[in-house]
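> Turn this into a model:
(2 chains)
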Amino acid sequence: MKLGYRVEIDPSGKDSPWWVTVMAVVLAFGLVAVFILVTGKNPVTVYTKMLGGAFATPFGLTETLVKAIPLMLCGLGVSLAYRIQVWNIGAEGQFLAGAMAATAVTIYLPGQPAWISLPVMLLAGLAAGGLWGLFTALPKVFFNVNELIISLMLNYIAILGLNYVVFGPWKDPKGFNFPGTPPFTDAQTLPAFGDTRLHFGLILALVAVVLAAVAVKYTRWGYELRLIGANPEAARHAGINIRRHVIFVMLLSGGLAGLAGMAEVSGVAHRLLYGISPGYGYTAIIVAWIARLNPFGIVVSAVLFGGLIAGGYSVQTLGLPSSISSLLQGSVLFFLIAGSILGKVRLRRTV
Amino acid sequence: MELIVQLLNSAMAAGTPLLFAALGGILIERSGIIQLGAEGLMLMGAVTAAMTFLATANLPLTLLVVLIVTGLLGVLHAFLTVTLRANQIVSGLAMTLFGAGLSAYLGKPITGMPLAGAVPKLDLDWLDPVPILGPVLGHLDLFTWISLAVVLILYLYFYRTSWGLHLRAVGDNPATADVMGIRVQGFRYGCVVIGSMLMGLGGANLLMVFSPTWIEGMTAGRGWIAVALIIFARWNPLYALGAAYFFGLLDTLGFRMQLAGSPIPSYFLKMIPYLLTIAVLVLVGWRTKHKLSGSPLALGVPYIREQRF
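Take a look at the predicted model:
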C-alpha cells in the first residue's frame, strides 16, 4: 500500500485569495532583485529610488497618475474582451490609431474653438480605436481566425503608420527635423489640473470604469458577457448571439484604447510624436489580469503599474535601463498565473 | 537567372529564423500545448547568443548557452501549463513580455555592438557548376543546414516512427493515449522544452546571420509571424519550410523595392509581412471553415487524468 499525497485540481474551486496577488508582486520584485544584483547594483537602492520616484514626491505622484490614465483605459478595454475569452493583445495598435485620428482632426480641421475640436477629437479617437478593434473581430467571427495574431500584427502596422506620418507628411516644418507633428493649440488640448501635467483624461477614465462596472454587473449585456465567459457552450444554447457580442466587445475594447490615445496626445504630449507609447497597450494586459478583470481593481493596478513606468524612468539615473519595469511586469504575470491555480488545488491523501 | 538565385538566397536567409521558430511551435502544438511565447524566446535566444559570442567568440558554446537558457524557459512554460494546468495563452503572453523585458535589460550594455563572421558557411564547391542549385545550396551557413535537418528529422519523427505516432495521439486524444500506456505529461514536457529551444535557435540565427547586431526588440514580431506560419503550414514541418521561405521572400521583396527606389514609402513596404500574415490567416480560415484545419484536436486543453468527462 502506498501512502502519500496527490495534487488534485478542482475546477469548481474558488478564485485564489487576494494575498496570492500580493505575493505574486512581492515574488516578482524578489526575482528582479536577483537580476539587479547580477548587474552589480544594490536592489534596495534601486527599489527605493523607483518607488520614491513614483509615489513619494508630488511630481512623481502626478507622473504616476498621468501614466495610469492610458493604462486604466486600455486595461479596461482588454478586460472586457478577456471576459468572453477574446484575447485582444492589440491595445497598443488601437491606442495609436486613436492618437493618430485625434491628431488628424487637429491637422485637417484647424482653428476650431475648444467646444468643437475637443469633442470631435474624442469621437475620432474612439472611432479609430474601435475600427482597429473591428479589424481583429471580423476575421475572428467570420473566418475563425486567431485574434491574438491578428491583433498583434495590427500593432506593428499601426506603429509603422505612426512612423510614416510623424517622419513624413505630418512632420512639424518648424520642428528642426524632430519626428513629431506641430504642437496642438490650447483649443485642442485637454484641460489640466492646476499647473500639473495631470489632465482631464483622468475623469474620462474614471467615468469609463464606473460605467463599465455598472454595465457588467447590472445590465442584460453584462449578464450575457458573464455567461459567455463562464460557459460559452451554455450561452450559445441559451440563444445568446456570441458573434454579435465578440464584435461589439472588440469595438468597445478598441474604442477605449483609442480614447486613451486621444487623451495622451491631447492631454500629455500636446502633439503626436515618434514613440508616443512606452508599451501602454502591453502593460494594460497585465493591468487587467492582475485586477482579475474587475473594473475597480483595474484602477488600483493601473496606478501601481503607472508607478512602475514612472519609477522605471527614475532608475535610469542609477545607470540601469528603464526596461527594468517591463521585466518586473513580465515577472508579475508569471507569478500571478502560477498563483491563480492555488485556489483550485487540493492536496488529497492517497491510501 | 542571377535574379532568381539572389531572391532564393535572400528568401532563405530571411526565412530560416522564422522556420526555426515555426518548427519549434509545430513540435509543441503537436503535443497539445500552445506556446505563444515565441517572440520572447526568440529575443532571449538572440540576446544570449550576442552576449556569449561577444564574450567568448566561441560558436559551439554560444549555441549551448542559447539552448540551455531557452530550454529552461521551456521548462517554466511546461511546469505552468502541464503540471499546474495554468492558462496556456496567458503563460505564453507572460513569456513574451518577460523575454522582451529581460532581453532589453540584459542587452543594454551590448546594444549596437557588431558580431562579424560569427557563423561559418559550408562551401560545397563541387556543386558550383550546377545551375541555380549550385549557387543556392553551395554556400549556405550552418544555421540553414541545421534548420533543414530539423525539418527532415521532425517529418520522419511525426510520420515514420512509432514515437511520432504516440506524440500525435497525445496531441489529439491524451486520455486514449494515456490508457495505451503513453506518458502524456512526459511527451508534453519534452516537446515544450525542445520546441522552446528551437524558437531560441531562431532568435540566435536572426542575430548571428541575418542582422548581426543586438537591438532591443529586434525580432519585430517575427515570433508571432512564426505562430501564424504554424497554422498556415497545417502543423506539417515540410509545409513550414515552404511557408517560411515564402514569407522570407516577401520580407526581402519590400527591402529590394526600397533599394530600387520605389515611390512607395518604406514604412508601407515594411508592413507587407504583417499584412500578409493577416491575409494568409483569413485565407486559411475561409478555406477550412467547414473542414478540419489540421490542428491537433486537443490543442490548448490541459489533460487531467482524474477528470471525468
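
> can you give me the strands in the chain?
Since no chain was named, I'll use chain A. With DSSP state E, the ranges of strands along chain A come out as A:4-9, A:345-350.

> if you could check chain B rather than the one you did, that'd help
For chain B, applying DSSP E gives strands covering B:121-123, B:139-141.

> By mean pLDDT, show me the worst of the ones you listed.
Sorting the strands of chain B by mean pLDDT places strand B:121-123 lowest, at a mean of 73.

> Now find how far off-centre it is within its chain.
Centroid separation for strand B:121-123 versus its chain: 23 Å, with CA atoms, centre = their mean, to the nearest Å.

> before we move on, what about stretch A:297-306?
Relative to its chain's centre, stretch A:297-306 lies at 10 Å (CA atoms, centre = their mean).

> That stretch and chain B, are they touching?
No. Judged by CB under 8 Å from any CB of the partner chain, stretch A:297-306 stays clear of chain B, getting no closer than 11.9 Å. The way it works is simple: take the backbone N, C-alpha and C, and place the C-beta from them, glycine included.

> what's the model's confidence in that stretch, averaged?
93.

> OK, contacts around the residue in the stretch 1-150 of chain B positioned nearest to chain A?
The stretch 1-150 of chain B approaches chain A most closely through B:Phe98 (2.9 Å), counting by CB to the nearest CB. Residues in contact with B:Phe98 (CB atoms under 8 Å, 6 or more residues apart in numbering or on different chains) are A:Leu327, A:Gly330, A:Ser331, A:Leu333, A:Phe334, B:Gly40.

> Make TSV out of those residues and add pLDDT and neighbour count.
Shown next, in TSV, are these (pLDDT from 0 to 100; neighbours: other CB atoms under 10 Å in any protein chain shown):
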residue	pLDDT	neighbour count
A:Leu327	84	26
A:Gly330	84	24
A:Ser331	88	24
A:Leu333	85	24
A:Phe334	84	24
B:Gly40	93	31
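
> What about those residues, which are in helices?
Among those, the ones falling in helices (DSSP state H) are A:Leu327, A:Gly330, A:Ser331, A:Leu333, A:Phe334, B:Gly40.

> do you know how far the fifth one is from chain B?
From A:Phe334 across to chain B, the span is 5 Å (CB to the nearest CB, to the nearest Å).

> go on, the third one?
For A:Ser331, the distance to chain B under the criterion CB to the nearest CB works out to 6 Å.

> ok, and the closest non-adjacent residue to that residue?
Of all residues not flanking A:Ser331 in the chain, A:Ala28 sits nearest, at 3.7 Å (CB to CB, 6 or more residues apart in numbering or on different chains).

> Kindly report the same for the last one.
Here the nearest residue to B:Gly40 in space, its sequence neighbours aside, is B:Gly99; by CB to CB, 6+ apart that works out to 2.3 Å.

> Helices along chain B, start to end?
Using DSSP H, helices in chain B cover B:2-30, B:38-56, B:59-78, B:88-107, B:133-137, B:142-160, B:162-172, B:174-179, B:184-205, B:222-232, B:237-259, B:266-270, B:272-287.

> Please produce JSON lines containing these, extended by distance to A:Thr21.
Output for those, formatted as JSON lines (distance: least, CB to CB, whole Å):
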{"stretch": "helix B:2-30", "distance to A:Thr21": "29"}
{"stretch": "helix B:38-56", "distance to A:Thr21": "23"}
{"stretch": "helix B:59-78", "distance to A:Thr21": "20"}
{"stretch": "helix B:88-107", "distance to A:Thr21": "14"}
{"stretch": "helix B:133-137", "distance to A:Thr21": "55"}
{"stretch": "helix B:142-160", "distance to A:Thr21": "40"}
{"stretch": "helix B:162-172", "distance to A:Thr21": "33"}
{"stretch": "helix B:174-179", "distance to A:Thr21": "31"}
{"stretch": "helix B:184-205", "distance to A:Thr21": "26"}
{"stretch": "helix B:222-232", "distance to A:Thr21": "28"}
{"stretch": "helix B:237-259", "distance to A:Thr21": "39"}
{"stretch": "helix B:266-270", "distance to A:Thr21": "39"}
{"stretch": "helix B:272-287", "distance to A:Thr21": "35"}
